[in-house]
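Engineer: Fold the stuff below for me.
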Amino acid sequence: MSKIQGFVNLELKKCVENQRQYILIVNWETLENHTIDFRESKEYLEWKKLLHHYYSPFPVVEHYEEI
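Structural biologist: Okay, here's the model as predicted:
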């Protein structure tokens, strides 16, 4: 993921109340860096192969902007 254009950083946090719950926050320079540059890359296919079988249910992906 860090090789993709526009990647800034990421944070992985574990929930205090529910030890089986995590949140991954990935910061991108632009929305398109995530939705196009990453999601349409060979790196995303590798990410998907390595991680998607761990998700149950599949995580909600939402995009936020600073205000």
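
Engineer: excluding its backbone neighbours, what's nearest the most centrally placed residue in the chain?
Structural biologist: Central residue of the chain (CA atoms, centre = their mean): Val26, 5.2 Å from the mean position. Spatial nearest neighbour of Val26, excluding adjacent residues (CB to CB, 6 or more residues apart in numbering): Leu10 at 4.5 Å. Glycine gets a C-beta too; all of them are placed from N, C-alpha and C.

Engineer: Where does Glu17 sit: helix, strand or coil?
Structural biologist: coil (DSSP: H, G, I helix; E, B strand; the rest coil).

Engineer: For the helix or strand containing Lys49, the averaged confidence score.
Structural biologist: Following DSSP states H and E, one finds Lys49 within helix 42-51. Taken as a whole, helix 42-51 has an average pLDDT of 93.

Engineer: mind listing what's buried in that helix?
Structural biologist: For helix 42-51, the neighbour count (16 or more other CB atoms under 10 Å) marks Glu43 as buried.

Engineer: Use 401 as the first number for this chain going forward.
Structural biologist: Shifting the count to begin at 401 puts that one at helix 442-451.

Engineer: Now tell me what touches that helix from outside.
Structural biologist: Helix 442-451 is touched from outside by Met401, Lys403, Ile404, Phe438, with contacts defined as CB atoms under 8 Å, 6 or more residues apart in numbering.

Engineer: Show me the strands in this structure, by range?
Structural biologist: Using DSSP state E, the strands of the chain run over residues 407-414, 422-428.

Engineer: Go through those strands and pick out the most buried.
Structural biologist: strand 422-428 (a mean of 13; mean count of other CB atoms under 10 Å).

Engineer: How far away from the center of its chain is that strand?
Structural biologist: How far strand 422-428 lies from its chain's middle: 5 Å, per CA atoms, centre = their mean, to the nearest Å.

Engineer: Could you check the angle that strand makes with helix 442-451?
Structural biologist: In terms of direction (axes from the mean of the first three to the mean of the last three CA atoms, to 10 degrees), strand 422-428 departs from helix 442-451 by 180 degrees.

Engineer: if we can go back for a sec, could you tell me the angle between the helix holding Lys449 and strand 407-414?
Structural biologist: Angle of helix 442-451 versus strand 407-414, following the same axes, to 10 degrees, is 10 degrees.
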